[in-house]
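S.K.: What follows is a predicted protein model with its sequence.
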Amino acid sequence: MSRNVEIKAKVQNHDETVRRAVDISGEKPTILKQHDIFYESPNGRLKMRSVEENGVARTELIWYDRPDVAGPKLSQFNKFDVPAEILDALKLSLQSSMGVKGEVKKTRTLVLHGQTRIHIDRVDGLGDFMELEVCLKPEETPEYGEKVAHEIREQLGVTEDDLLTGAYMDMLKK
């Protein structure tokens, strides 16, 4: 099972946050159109994500579990690519067996910085947000990931007051 340390926060200025992320990383951002379908999972969260990048579409099934707390949190996850030839049957099976919790649509600006994925998201119906995912190696501790996440959050100019607890799906359901 893979692990990362995550931070999610509201951002006050989308374009400035993107600029800072690019300055930190020195990398060109990637724009992703994402559509997540969340299922009523008895353990953790389960979503099917459709991603469009440069006109090319792909779909992933992602299960993850993390606490709903503000600030850095350890997330455990599994994900795999869904072949196009089974996509419709898998969607129907998941919907029939588990039920659909809801959907989230967003435009994600992705900037890679070392072992950290910086996401600046424009979420339909919610606004602008930032997520950090510090991908941990097997020998790295969650405390190390928290330290990295805090440093990058500060470099992006995101304050502790802007930190969030849950997933976009949770916010949309309120």
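M.R.: Ah, there it is.
S.K.: biggest strand in this protein, by residue count?
M.R.: Assignment by DSSP state E gives strand 100-113 as the longest strand of the chain.
S.K.: Can you mark which positions in the lowest-mean-pLDDT helix or strand in the chain are buried?
M.R.: One helix or strand of the chain scores below all others by mean pLDDT, DSSP states H and E: helix 168-173, with a mean of 90. Buried residues in helix 168-173, counted by 16 or more other Cβ atoms under 10 Å: Y168, M169, M171, L172. For the C-beta atoms, the positions are set from N, CA and C on the backbone; glycine is no exception.
S.K.: likewise stretch 26-35?
M.R.: Buried residues in stretch 26-35 (16+ other Cβ under 10 Å): P29, L32, Q34, H35.
S.K.: Which two among those are spaced furthest apart?
M.R.: For the buried residues of stretch 26-35, the maximum inter-member distance is 19.6 Å, found between P29 and H35 (Cβ to Cβ).
S.K.: At which residues are the helices of the chain located?
M.R.: Assigned by DSSP state H, the chain shows helices spanning 14-25, 87-98, 142-155, 168-173.
S.K.: Go through those and name the closest to N54.
M.R.: Nearest of these to N54, taken as Cβ to Cβ: helix 14-25 at 17.7 Å.
S.K.: and that closest one, what does it pack onto?
M.R.: Of the remaining helices and strands, those touching helix 14-25 by 3 or more Cβ pairs under 8 Å, 6 or more residues apart in numbering; DSSP states H and E are strand 100-113, strand 116-123, strand 127-135, helix 142-155.
S.K.: Nearest the middle, which residue of the chain would you pick?
M.R.: What sits nearest the mean C-alpha location of the chain, by Cα atoms, centre = their mean, is E131, with 6.2 Å.
S.K.: The closest residue to it other than its chain neighbours: what's it in contact with?
M.R.: Leaving aside its chain neighbours, E131 sits nearest to H119 (4.1 Å; criterion: Cβ to Cβ, 6 or more residues apart in numbering). Residues near H119 by Cβ atoms under 8 Å, 6 or more residues apart in numbering: R108, T109, L110, M130, E131, L132, E133.
S.K.: just to revisit the earlier point, the residue nearest to the centre of the chain and K91: what is the separation?
M.R.: 25 Å (Cβ to Cβ, to the nearest Å).
S.K.: gap between the residue lying closest to L136 once chain neighbours are set aside and Q95?
M.R.: Nearest non-adjacent residue to L136, counting by Cβ to Cβ, 6+ apart: R3, 4.7 Å away. Noted for R3: a distance of 29 Å to Q95, by Cβ to Cβ.
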